[in-house]
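# sequence and predicted structure below; questions after.
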Amino acid sequence: MTQPATDPATDPDTGLSAAEVADRVARGLTNAIPEAPTRTVGQIIRANVFTPINAVVGILAALVIAAGSPKDALFGGVIIANSVIGVVQELRAKRVLDQLSVVNAPRAQAVRDGKIIELQVHELVQDDVVELRAGAQVVADGTVLVAENLEIDESLLTGEADPVVKTPGDDVLSGSAVVAGTGRMVITKVGAENYAAKLAEEARRFTLVNSPLRNDVNRIVKWVGYMIIPVGLLLASSQFIRRDQGWQDSIISTVAGLVGRVPEGLVLLTSMAFAVGVVRLAKQRCLEQELPAIEVLARVDVLCADKTGTITEGSLAVADVHALDDEDAAAIEAALAALAQLDPDPNATSRALSSHYQQATTWRVTGRVPFSSARKWSGMTFDGQGSWVLGAPENVLTTAYTGALREQVETQAALGQRVLVLATTDKPFSDGTEATLPAVHPVALVLLEDIVRADAADTLQYFADQGVTVKVISGDNNVTVGAVARRAGMAGWENNVNATTLPADDSEEFADAVENGVVFGRVTPHQKRAMVKALQARGHTVAMTGDGVNDVLALKDSDCGVAMASGSEATRGVAQLVLMDSNFSAMPAVVGEGRRVINNIERVAALFLAKTTYSVILSVLTGVVALAYPLRPIHLSILSWFTIGVPAFFLALEPNDQRVSPGFLRRVLGRSVPAGVVIAVATMSAFAIAQLDTAIDHDHAQTIAVLVAGSVALMNLYRVARPMNPLRLVLVATMVGLFALAFVLPWGRDLFELPRTETWAYGMAAGFIAAAWPLLALGNRFAARWHSRPD
């Protein structure tokens, strides 16, 4: 090993003593890494339980119970259901990620008191000496003390795929990994001072995904909330003062008028639809950290994909071997197999060759010069087979690297392939030889390329077909990234951009370059974040995929971050979606689930907001004219169950892969408001006319009001469910039958307080129901014209 000129207090052979470790622990110089930015259990529960709509529904339910009618408070069950769905899903996601963090947690081989011991990352202290071996992760920032052919992969930090050779005195960063050689380092920074921790700290604060669907639903709830207090006071005064009802009846009537206005079922159904999507995607090994994440991914119009780990598998493969000047192909294959299989410290190139040449070699090594990134070549001498060299053409072919051979190498390199030359030499190698390379004779060119995921091309084509622009952003060489994009079937791959040549990231020129470019290489972590922000500033909805610490900032600021489970803990912590098998092909399924949720919720939202509309109108009429309210809370329960809740649940779970278009709220209001007006007018008219007969009291008139409101609402359900298919036809027919049974069966009339009334009143109700059908059709035509208006 090469020894550095280091501080004599730092002995790579003995490390720290027990007393020195205890001193550093006492001073707080431990490698305690801040936890990933996920919400705590308490924060999850509070966020899902203490919501505005839960507060409104909870207060109304408490008032009804205080008035002595707990049966009328059945609507309060939505609080429990809505809270449980959200809490269970987020706790499940948190548990899976926590388990994943434990399984993937690296361990370190530290030197203490001259012995190598295995420690967890947080047990390390500053100035600890740590053993570096191939396959080990660098767990803290430090300085190399001793090294033998030590190479570090910093792709998770920088995106650069090529390993970096490290010699004594060089710095190494946490989050990188040893790919070749051995060495020892001394820890110079611990805990939050580490490079990877600092990068992740910029994405520390947990933020909820921005959900347009949830925002629109919350906006509706806010509008309703603003009207509850004035309308509630108006209703209460009309019932208690002007109609001289007792306080219990006044509260029940007032709550009946208010609870119908709260679209609590829409909030619940939205959560349920998202939760069903979570379950379905779990079968595709896709973990959602937040319920609305699938909705946001369904809305994206730009997908920024990291190359390594997303489009490629992160490993190399042999693309081809070109024999030079009619050299013996069999000898070339045998030599490559021996060089790869007999390498005691295989790197990515050796592993690619071993995978390509799987038949066991019979050659025997007598001397070896290991590969070094400084030399860029390795050599072996074999018993009876001569000496062979494999390495970069410019380093192996010194004087011979001219003419047609150089042109051939440069042509392949321009296509994004990694080109190595296989050569022979007459001089044998001895183990550990550091001499310059002797004269060689080239015999073949070995072409290597990144392995593109088998499903990457189909996935990228899917997004292209859906109108989503895909941009590949990588820290690797832009020519190499462009070649990967070409093999993955992306259009515009040849216009690859070297990000080091881009203008300042706060300029319009930078935004133009990002908008127009497709493939970007040599991108720094902060440039990735700037690219996401530039696209968002241009009005795009941006998703970002990644697996390394260098992707954390961009993942955090994107509208929807998608992390690979095989990547760093920091990326999993800030992403809304985690692909558990690191399988890029799961993305179309996520988009499909998001479209199902958005399109179906838009369909059924018209049912819920129709109820809100007619409840508002009935409340205002009742308060202004001092009429009795035509419905009790228990009546609103039967109306909600059979005309809205149950059918909406099944409609929301139907397949629906239509593209999502903007204007959700306008379309929903255009369908629901006319229907709500028709239901309110028909209900109040039938209720008022029924009470003209002195033989029909308030309770019996309410039966007529429920019959009219429910029947017209069922006709609205039929219109919303169109076009009909067998499932929808059976669903609507079943709801009509169940609603009718509530009036026909004695126990139904008793449970829902629907006493029999005069025959003529039923006939009058039938007339209003029949008249409502053409009015609903007129409302639909109005909605169609409203939808066709330009934004």
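Perfect, thanks for sending it.

# state the mean pLDDT of stretch 234-254.
The average pLDDT within stretch 234-254 is 63.

# now swap in stretch 712-729 and tell me
Stretch 712-729 shows a mean pLDDT of 92.

# so what touches it?
603-604, 606-607, 610-611, 639, 642-644, 647, 650-651, 654, 671, 675, 678-679, 682-683, 731-732, 735-736, 739, 768-769, 772-773, 776, 780 (C-beta atoms under 8 Å, 6 or more residues apart in numbering). From N, CA and C alone the C-beta is placed, and that goes for glycine too.

# can you name the next helix or strand after the helix or strand harbouring residue 87?
Using DSSP states H and E, residue 87 maps to helix 77-104. Using DSSP H and E, the helix or strand that follows helix 77-104 towards the C-terminus is strand 107-112.

# distance from the chain centre to the helix or strand just after that next one, please.
Next in sequence after strand 107-112, counting helices and strands by DSSP H and E, comes strand 115-120. Per C-alpha atoms, centre = their mean, to the nearest Å, the displacement of strand 115-120 from the mean C-alpha position of its chain is 37 Å.

# then stretch 296-305?
Relative to the centre of its chain, stretch 296-305 is centred 10 Å away, using C-alpha atoms, centre = their mean.

# again with stretch 565-582
Centre-to-centre, stretch 565-582 and its host chain are 9 Å apart (C-alpha atoms, centre = their mean).

# hmm, what's the outermost residue in the protein?
For the chain, the residue at maximal distance from the C-alpha centroid (C-alpha atoms, centre = their mean) is residue 694, at 63.1 Å.

# give me the subset of the contacts of stretch 712-729 lying in helices.
The helices, defined by DSSP state H, take in 603-604, 606-607, 610-611, 639, 647, 650-651, 671, 675, 678-679, 682-683, 731-732, 735-736, 739, 768-769, 772-773, 776, 780 from these.

# correct me, but residue 337 touches residue 359?
Yes. At 6.8 Å, residue 337 counts as touching residue 359 under the criterion of C-beta atoms under 8 Å.

# which strand residues bridge residue 452?
Per DSSP bridges, the residues bridged to residue 452 are residue 312.

# and residue 723, how far is that from residue 603?
Distance, residue 723 to residue 603, by C-beta to C-beta, to the nearest Å: 12 Å.

# neighbour count: those two, which is higher?
Applying other C-beta atoms under 10 Å to residue 723 and residue 603 shows that residue 603 carries more neighbours, namely 19 against 5.

# compare residue 337 and residue 359 (neighbour count), which wins?
Between residue 337 and residue 359, counting by other C-beta under 10 Å, residue 337 is the more crowded of the two (20 against 9).

# any idea how far stretch 308-324 is from the chain center?
29 Å.

# re earlier: list buried members of the contacts of stretch 712-729 by neighbour count.
Taking 16 or more other C-beta atoms under 10 Å as the criterion, what is buried in those is 603-604, 606-607, 610-611, 639, 642-644, 647, 650-651, 671, 675, 678-679, 682-683, 731-732, 735-736, 739, 768-769, 772, 776, 780.

# and residue 74, what's its pLDDT?
On the pLDDT scale, residue 74 gets 65.

# surely residue 595 is in contact with residue 298?
Yes. With contact defined as C-beta under 8 Å, residue 595 reaches residue 298; the gap is 4.8 Å.

# overlap in contacts, those two.
Listed as contacting both residue 595 and residue 298 by C-beta under 8 Å, 6+ apart are residue 660.

# show me where the stretch 451-600 of the chain has helices.
Taking DSSP state H, counting those that start in this stretch, the helices of the stretch 451-600 of the chain run over residues 456-465, 478-487, 508-516, 525-537, 552-557, 569-574, 587-625.

# format these as TSV; extra columns: mean pLDDT.
Output for the helices of the stretch 451-600 of the chain, formatted as TSV (pLDDT from 0 to 100):
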stretch	mean pLDDT
helix 456-465	88
helix 478-487	86
helix 508-516	93
helix 525-537	90
helix 552-557	81
helix 569-574	69
helix 587-625	85
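
# which residues touch the residue lying closest to residue 671 once chain neighbours are set aside?
Ranked by C-beta to C-beta, 6 or more residues apart in numbering and with sequence neighbours excluded, the top spatial neighbour of residue 671 is residue 606, at 3.9 Å. Contact analysis of residue 606 by C-beta under 8 Å, 6+ apart lists 668, 671, 672, 675, 716, 720.

# make it 7 Å
Applying C-beta atoms under 7 Å, 6 or more residues apart in numbering, one finds that residue 606 lies in contact with 668, 671, 672, 720.

# gap between the one helix or strand the first one maps to and the chain center?
With elements taken from DSSP H and E, the one containing residue 668 is helix 664-690. Computed by C-alpha atoms, centre = their mean, the separation of helix 664-690 from the middle of its chain amounts to 39 Å.

# repeat for stretch 15-28
42 Å.

# buried residues in that stretch, which are they?
15, 16, 20, 21, 24.

# got the CA coordinates for that stretch in PDB?
These are the backbone C-alpha positions of stretch 15-28, laid out as PDB (Å, rounded to 0.1, in the frame of the first residue of the first chain):
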ATOM      1  CA  GLY A  15      -7.000   3.800  15.000                       C
ATOM      2  CA  LEU A  16      -8.500   5.400  18.100                       C
ATOM      3  CA  SER A  17      -8.200   3.900  21.500                       C
ATOM      4  CA  ALA A  18     -11.200   3.300  23.800                       C
ATOM      5  CA  ALA A  19     -10.400   6.400  25.800                       C
ATOM      6  CA  GLU A  20     -10.200   8.500  22.700                       C
ATOM      7  CA  VAL A  21     -13.500   7.200  21.500                       C
ATOM      8  CA  ALA A  22     -15.100   7.900  24.900                       C
ATOM      9  CA  ASP A  23     -13.700  11.500  24.800                       C
ATOM     10  CA  ARG A  24     -15.300  12.200  21.400                       C
ATOM     11  CA  VAL A  25     -18.600  10.700  22.500                       C
ATOM     12  CA  ALA A  26     -18.600  13.000  25.500                       C
ATOM     13  CA  ARG A  27     -18.000  16.000  23.200                       C
ATOM     14  CA  GLY A  28     -20.800  15.000  20.900                       C
END
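
# give the rounded mean pLDDT of it.
When pLDDT is averaged over stretch 15-28, the result is 91.

# cool, stretch 467-477 as well?
Averaged across stretch 467-477, the pLDDT comes to 87.

# first-to-last residue distance for it?
Terminal residues of stretch 467-477 are spaced 28 Å apart (C-alpha to C-alpha, to the nearest Å).

# can you list contacts of that stretch?
For stretch 467-477, the surrounding residues in contact (C-beta under 7 Å, 6+ apart) are 158-161, 300-308, 311, 460, 463-464, 481, 485, 490, 517-523, 528, 531, 550.

# just the residues you listed: which are in strands?
Counting by DSSP state E, the contacts of stretch 467-477 place 302, 303, 304, 305, 519, 520, 521 in strands.

# gap between the third one and residue 151?
Put plainly, it is residue 304. In terms of C-beta to C-beta, residue 304 sits 29 Å off from residue 151.

# restrict stretch 556-574 to CA atoms and write it as PDB.
Extracted in PDB, the C-alpha atoms of stretch 556-574 (Å, rounded to 0.1, in the frame of the first residue of the first chain):
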ATOM      1  CA  LYS A 556     -38.400  17.700  -3.300                       C
ATOM      2  CA  ASP A 557     -39.300  20.600  -5.500                       C
ATOM      3  CA  SER A 558     -41.000  18.700  -8.200                       C
ATOM      4  CA  ASP A 559     -44.800  18.400  -8.200                       C
ATOM      5  CA  CYS A 560     -44.400  14.600  -7.800                       C
ATOM      6  CA  GLY A 561     -41.200  12.900  -6.700                       C
ATOM      7  CA  VAL A 562     -40.700   9.200  -7.600                       C
ATOM      8  CA  ALA A 563     -37.800   7.400  -5.900                       C
ATOM      9  CA  MET A 564     -36.300   4.000  -6.500                       C
ATOM     10  CA  ALA A 565     -36.200   1.800  -3.400                       C
ATOM     11  CA  SER A 566     -32.700   0.700  -4.200                       C
ATOM     12  CA  GLY A 567     -31.500   4.300  -3.900                       C
ATOM     13  CA  SER A 568     -30.600   6.500  -1.000                       C
ATOM     14  CA  GLU A 569     -32.700   6.900   2.200                       C
ATOM     15  CA  ALA A 570     -32.900  10.600   1.600                       C
ATOM     16  CA  THR A 571     -34.600  10.200  -1.800                       C
ATOM     17  CA  ARG A 572     -37.100   7.800  -0.400                       C
ATOM     18  CA  GLY A 573     -37.800  10.200   2.400                       C
ATOM     19  CA  VAL A 574     -38.700  13.200   0.200                       C
END
